[in-house]
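Undergrad: Here is a sequence with its predicted model. Questions after.
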Amino acid sequence: MNAHAATARAERARPLHVGDHLREWRQRRHLSQLDLAGDAEISARHLSFVETGRAAPSREMVLKLAERLEVPLRERNVLLVAAGFAPAFPQRSLDDPALKSARQAIDLVLKAHEPNPALAYDRHWNLVTANRIVAPLLEGLPPHLLGQPFNILRLAFHPEGLAPRTVNLAEWSAHLLERLHRQCEATADPELLKLYQELKAYRMPARSGPVSADNVAIPFKLRHGNDVLSFISTTMVFGTPVDITLQELALETFFPADDLTAERMRQIAAALT
């Protein structure tokens, strides 16, 4: 996706008819009407009528097409409303009693990951919660970068944030930008598109070359005191969410990539007890 074109498309007035929404999502997924009709087990003619407004889809049809198009839950509600139906997917706070088990699962994962850092963030990469190991790694950063909303990507790219401390900044920043670009492609979220443009404006060093074939993953190398800590990361999401908050939540866990980092993490954890 051309980022400028995507931003312009996201910022223009949203189409009002459900068929316009469906057509945009189908085109975003690079599917023909015939492809989507086959996946949804309907005729291409009927899908064409839905997209042009000549036929009104049922609630079940809207949800079926949205599922085939992998439309995020937040946007499925938009489709339903555009078709004249009530939203189907709630968006609760993590403090809501209905999400108590999910919140407990998040806290359990973060706590169990100690002595290594782990955090949870929302769809715009704003920090939701983190385990005790994260804060010591951020010591000395200016308060205006750590206030609410605490944006993880902005912290990683900002010249007053983690960028000067990141030893392999070229590789790590390129990796994060690629992840954000894929997320923009998948969701067309206007706020993510704005964030992508903001981060691209920061001056980052160019990669010296392709990633070595000896590497199993791009590490995050962070200068901490007199040491260079090296981590590899994994991302976890809830597998079968029907709540918008849960679908948009991700957990990032960092694992030591060398013995020095493992030892320093144990020392940091011991100092916190």
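TA: Here it is on my side, so go on.

Undergrad: all helices of the stretch 51-200 of the chain, in order?
TA: Along the stretch 51-200 of the chain, the segments classed as helices by DSSP state H, counting those that start in this stretch run 59-68, 73-82, 100-112, 134-137, 143-146, 152-157, 169-187, 190-200.

Undergrad: just those: most buried one?
TA: helix 152-157 (a mean of 20; mean count of other CB atoms under 10 Å). Where C-beta positions appear, they are placed from N, C-alpha and C, glycine not excepted.

Undergrad: What are the contacting residues of that helix?
TA: 119, 121, 125-127, 138, 141, 145-146, 161-163, 166, 172-173, 176, 180, 195, 198-199, 202, 204, 252 (CB atoms under 8 Å, 6 or more residues apart in numbering).

Undergrad: ok, the longest strand along the chain: who's next to it in the sheet?
TA: Using DSSP state E, we find that the single longest strand of the chain is strand 227-237. Sheet pairing for strand 227-237, assigned by DSSP bridges, gives strand 220-224 (antiparallel), strand 250-256 (antiparallel).

Undergrad: Out of those, which is the most enclosed?
TA: Of the strands paired with strand 227-237, strand 250-256 is the most buried (mean count of other CB under 10 Å), at a mean of 19.

Undergrad: Give me the distance from that one to the chain's centre.
TA: Here strand 250-256 is found 14 Å from its chain centre; the criterion is CA atoms, centre = their mean, to the nearest Å.

Undergrad: Which neighbouring elements make contact with the helix or strand that it is followed by?
TA: Where DSSP states H and E defines the elements, the next helix or strand beyond strand 250-256 is helix 259-272. Contacting helix 259-272 under the criterion 3 or more CB pairs under 8 Å, 6 or more residues apart in numbering; DSSP states H and E are the following elements: helix 134-137, strand 227-237.

Undergrad: List the buried residues for helix 259-272?
TA: Residues of helix 259-272 classed as buried: 261, 262, 264, 265, 268, 269 (neighbour count, 16 or more other CB atoms under 10 Å).

Undergrad: Let's have these in CSV, adding pLDDT and distance to residue 248.
TA: Shown next, in CSV, are the buried residues of helix 259-272 (pLDDT from 0 to 100; distance: CB to CB, whole Å):
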residue, pLDDT, distance to residue 248
261, 98, 30
262, 98, 32
264, 97, 33
265, 98, 29
268, 97, 30
269, 97, 30
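
Undergrad: quick one on the thing from earlier: the strands paired with strand 227-237: which one's closest to residue 68?
TA: In terms of CB to CB, the element of the strands paired with strand 227-237 nearest to residue 68 is strand 250-256, at 23.5 Å.
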